[in-house]
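>>> Return a 3D structure for these sequence lines:
(2 chains)
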2 protein chains.
Amino acid sequence: MTGIIISIGNELLIGDTVNTNASWLGKFLVDQGIEVIRIHTISDDLSIVRDTINESLEAADIVISTGGLGPTHDDVTKKAVAMLFNAEMTVHKPTLGFIKKIFEKRNIPFSKSNYEQAEVPDNAEVLFNKQGTAPGLWFEERDSLLAVLPGVPYEMKELVNHKVKPKLEAITGGNEKRYSRYLLTSGVGESTLSDNVVGNLEPFLNDNLSVAYLPSPQGTRIRISGYGHSEEEVEEHMKPVIDHILEKASYLIVGEGKELTLGEALGNLLREKKLTLAIAESCTGGQIADSVTNIPGSSDYFLGGMVTYSNKAKVQLLDVSENDLERYGAVSKQVALQMARAAASSFGADIGISTTGIAGPGGSTEEKPVGTVWVGFWSKDDYFAVKALFTNDRLINKERSSAVALEIIRRKILGYEKLPYDLKPQYTDA
Amino acid sequence: MTGIIISIGNELLIGDTVNTNASWLGKFLVDQGIEVIRIHTISDDLSIVRDTINESLEAADIVISTGGLGPTHDDVTKKAVAMLFNAEMTVHKPTLGFIKKIFEKRNIPFSKSNYEQAEVPDNAEVLFNKQGTAPGLWFEERDSLLAVLPGVPYEMKELVNHKVKPKLEAITGGNEKRYSRYLLTSGVGESTLSDNVVGNLEPFLNDNLSVAYLPSPQGTRIRISGYGHSEEEVEEHMKPVIDHILEKASYLIVGEGKELTLGEALGNLLREKKLTLAIAESCTGGQIADSVTNIPGSSDYFLGGMVTYSNKAKVQLLDVSENDLERYGAVSKQVALQMARAAASSFGADIGISTTGIAGPGGSTEEKPVGTVWVGFWSKDDYFAVKALFTNDRLINKERSSAVALEIIRRKILGYEKLPYDLKPQYTDA
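Numbers count the residues shown, from 1 in each chain, chains lettered A, B, ... in the order given. Model prediction:
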């Protein structure tokens, strides 16, 4: 089966809104085993909307449009569809009642344009939208399927998951679907991972089974996808290649999941091992603590952090030696080490981690260019710092430093020798 | 003039990549005074690419394609264009030399597919790409303009800014362009801002001048856009409506700029007023410090922060009263106040800000549902806390709490009475 997505709205053409709906829908259709052949992004123009839907129904088995269903003058999608199918508009009573209730609750007068929100072409099946005032529409016309959905992302997603998906499944139930698994790696470059660590996967792959490396700020995610009639069937197909990847890349794999973050993976590990964490940040400025506390329940293992941006704060709050600050500078092994240890002892944590570096653009010297970062680690078993050199970009430097810090903790808890990016530990007396 | 954007790549259709290139290019073209009539997103298929470019050249004055220029088998854009124009492939020597140098530097053997990277259709003008190995191409054919660009965003943007833009300007120099100004507001809902504060702008607007409200996590940005032959001309057109907005919404406007953040706006103000800031975060978990330190030079005014996630840390590091913690709970006016004051005194800062709340999903009580947040403020002139109730979503609660905290500081420095969202200050003895 083939699919076409139509994104309707001037805001998409002029760049005010990034078209995240289309990529979400693309993935949804692919997962249903449907090949997406084209995405049209068009303006709120009656004849363009009508003609594009018309052509798309000729070209694909399923067409999904989003946008242009609102109450304002600009929104023409419903009119365009009615015109295309020579349909009359008719009031959908449950929707009208629902909209009226919303307006009553908000104490807003009910106008003609709101009334029109409840009108639908008489050949449509209504996909009731309990998140908003614009109902979704479903058509089975000309041997094709057409879903007409609102453009507000959470309304669209809700309707797809609860209305469109069951309808598609009823029709395509016998078709093969795509099932995917995602392995998040950290502390390794994408090409090193694919070329040197995992290596050639050709012998494992076929039309039915593919592997993709998807880079993200969290690390490279490996996606293994297969087509089949059930998850179990695909799981079995995938097993050899997943086993191979797990064997080759074991210590680089942080965990499994499409949305898994380093903060979440580390959180799971800390909870499992009953360990607590404290953080002292300079160049990352609170970003590590932020990512750790994005995870619900992180108070179970995260005791606290300090953002000691000034030298004075490093001395007063973390007891960093003024002598060392003067002699080695704030961006130094000595300071990173002392910060990590003091973080752990201040909060009474099992593990202390620290960052101190030159995020840029200012503050660099010949010896310490922008992107120079020290990460310190302290636990009762280990105490070291690593030096990394990232980029010229302040925000990327913060992001990479945070990722390396989180990954160092994970590897040390699991007893791995190798540190992220093969960074070398430097000890107090080294 | 009209424009069409063609985004080429299977990764866009299956949802692996969000099409940020298209929205960036949409904005670019609109700013050049070009009306974007359609965006095509298509697969790396030779005849589809050829036909889509062909149709688009018929339909628009300028066509920009991105993607499909890489060295792999999948990349067919160059071949499709050559086929469309019946052109021969010819080697572009400067590009060949450049690519060879890159490979020498990286010590990678030079293969046939790399050689092909330097081949271009003989009717193309090469847009030399110093960021990568795929040159951009420029065609003037069939009374239309065609730019064929790589899909890597920073390569594409560099070529647009430095090669495509001057060419367009040489051709469209006499046309009207769009000029825009952006005013960032904070601490007010979008509909309150547009309906109640700014009010009806119709009398100011015309075909040539428009206003849009663009919501973002930083606050609602007001964009005022006009078309004209020069920035000065448009500035003059815009002046009455901008003056009106500034008058109506003065205290809500954080600053001007398309990319301005609350952290940057506040940073500018702190620097100007020679004030320093310290932060004590509980529910925001480091996010406020992170956003403040995203700004280069923030060490001038940001002294440091603490993330006191546990009660113990609040007591030990911020000297919060154990009695009050027990009596009122960690999410309380008393604790927020003590945290803000202690932040300022620990770091010796002019201003201390704090957050303590229930980000969720756990930790709520009947009295304190998820989304309950106290923000504390301390300066030598003022000392209060506000209570807000946000959403059920942990990440949104962190984001909103951070935004409210930053906006409180800005308003207090500027001496405004009103707090964000009309929150009421509560004092120690209230």
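>>> Any part of stretch A:321-333 near chain B?
No: Stretch A:321-333 stays clear of chain B (C-beta under 8 Å from any C-beta of the partner chain), getting no nearer than 10.1 Å. Yep, even glycine has a C-beta here, placed from its N, CA and C like the rest.
>>> May I ask which helix or strand encompasses the nearest residue to A:Gly228 once chain neighbours are set aside?
Nearest non-adjacent residue to A:Gly228, counting by C-beta to C-beta, 6 or more residues apart in numbering or on different chains: A:Val234, 3.9 Å away. The secondary structure element spanning A:Val234 is helix A:231-249 (assigned by DSSP states H and E).
>>> Packing partners of that helix?
Judged by 3 or more C-beta pairs under 8 Å, 6 or more residues apart in numbering or on different chains; DSSP states H and E, helix A:231-249 is in contact with strand A:177-185, strand A:209-216, strand A:219-228.
>>> okay if I get the ones you listed as JSON lines plus mean neighbour count?
JSON lines is the format used below for the helices and strands packed on helix A:231-249 (neighbours: other C-beta atoms under 10 Å in any protein chain shown):
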{"stretch": "strand A:177-185", "mean neighbour count": "20"}
{"stretch": "strand A:209-216", "mean neighbour count": "15"}
{"stretch": "strand A:219-228", "mean neighbour count": "21"}
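>>> Select from those strands the stretch with the lowest mean pLDDT.
Lowest mean pLDDT within the helices and strands packed on helix A:231-249: strand A:209-216, a mean of 90.
>>> tell me which strands and helices that one is in contact with?
strand A:219-228, helix A:231-249.
>>> For the next helix or strand after the last one, buried residues please.
So the one you mean is helix A:231-249. Remark: after helix A:231-249, the chain's next helix or strand is strand A:253-256, criterion DSSP H and E. Buried residues in strand A:253-256, defined by neighbour count with 16 or more other C-beta atoms under 10 Å in any protein chain shown: A:253-255.
>>> that older thread, relative to B:Ile408, which of the helices and strands packed on helix A:231-249 is closest?
B:Ile408 sits nearest to strand A:209-216 of all the helices and strands packed on helix A:231-249, at 33.7 Å, using C-beta to C-beta.
>>> Would you mind getting the angle between the closest one and strand A:177-185?
40 degrees (axes from the mean of the first three to the mean of the last three C-alpha atoms, to 10 degrees).
>>> Distance from strand A:209-216 to the middle of the chain?
Taking C-alpha atoms, centre = their mean, to the nearest Å, one finds strand A:209-216 lying 14 Å from the centre of the chain it belongs to.
>>> among the helices and strands packed on strand A:209-216, which is nearest B:Leu317?
Across those, closest to B:Leu317 is strand A:219-228 (C-beta to C-beta), at 32.0 Å.
>>> And the closest one, what does it pack against?
Taking 3+ C-beta pairs under 8 Å, 6+ apart as the contact cut, strand A:219-228 packs with strand A:177-185, strand A:209-216, helix A:231-249.
>>> Is it possible to get CSV of these that adds distance to B:Val152?
Supplementary listing: the helices and strands packed on strand A:219-228 in CSV, determined by distance: least, C-beta to C-beta, whole Å:
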stretch, distance to B:Val152
strand A:177-185, 22
strand A:209-216, 12
helix A:231-249, 26
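>>> And these: which comes nearest B:Lys312?
Proximity to B:Lys312 (C-beta to C-beta) singles out strand A:177-185 among these, at 32.2 Å.
>>> How about residues contacting whichever helix or strand comes after the closest one?
Counting by DSSP H and E, the next helix or strand C-terminal to strand A:177-185 is helix A:190-191. The contact list for helix A:190-191 (C-beta atoms under 8 Å, 6 or more residues apart in numbering or on different chains) reads A:213, A:215, A:220.
>>> swap in stretch A:422-430?
Contacts for stretch A:422-430 (C-beta under 8 Å, 6+ apart): A:333, A:337, A:377, A:383-388, A:404, A:419.
>>> in it, what counts as buried?
Applying 16+ other C-beta under 10 Å to stretch A:422-430 flags A:423, A:426 as buried.
>>> export that stretch as PDB, just CAs?
Taking Å, rounded to 0.1, in the frame of the first residue of the first chain, the C-alpha atoms of stretch A:422-430 are listed here in PDB:
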ATOM      1  CA  ASP A 422      38.600   6.600  24.600                       C
ATOM      2  CA  LEU A 423      39.400   9.600  26.900                       C
ATOM      3  CA  LYS A 424      42.200   8.800  29.300                       C
ATOM      4  CA  PRO A 425      41.700   9.100  33.100                       C
ATOM      5  CA  GLN A 426      44.200  11.400  34.800                       C
ATOM      6  CA  TYR A 427      44.700  10.900  38.500                       C
ATOM      7  CA  THR A 428      45.700  13.300  41.300                       C
ATOM      8  CA  ASP A 429      49.300  12.400  41.200                       C
ATOM      9  CA  ALA A 430      49.600  11.800  37.400                       C
END
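>>> hang on, A:Val164 is in a helix, isn't it?
Yes: assigned with DSSP: H, G, I helix; E, B strand; the rest coil, A:Val164 falls within a helix.
>>> Look up phi and psi at the closest residue to A:Thr17 other than its chain neighbours.
Closest residue to A:Thr17 apart from its sequence neighbours, by C-beta to C-beta, 6+ apart: A:Glu11 at 4.4 Å. Phi and psi for A:Glu11, reported as degrees, to the nearest 10, are phi -60, psi -20.
>>> Check A:Thr41 too.
Here is the backbone geometry of A:Thr41 (degrees, to the nearest 10): phi -110, psi 120.
>>> The closest residue in space to it that isn't next to it in sequence pairs with what?
Distances taken as C-beta to C-beta, 6+ apart put B:Ile39 closest to A:Thr41, at 3.7 Å, once the chain neighbours are dropped. In this entry, B:Ile39 is beta-bridged to A:Thr41, B:Ile5, by DSSP bridges.
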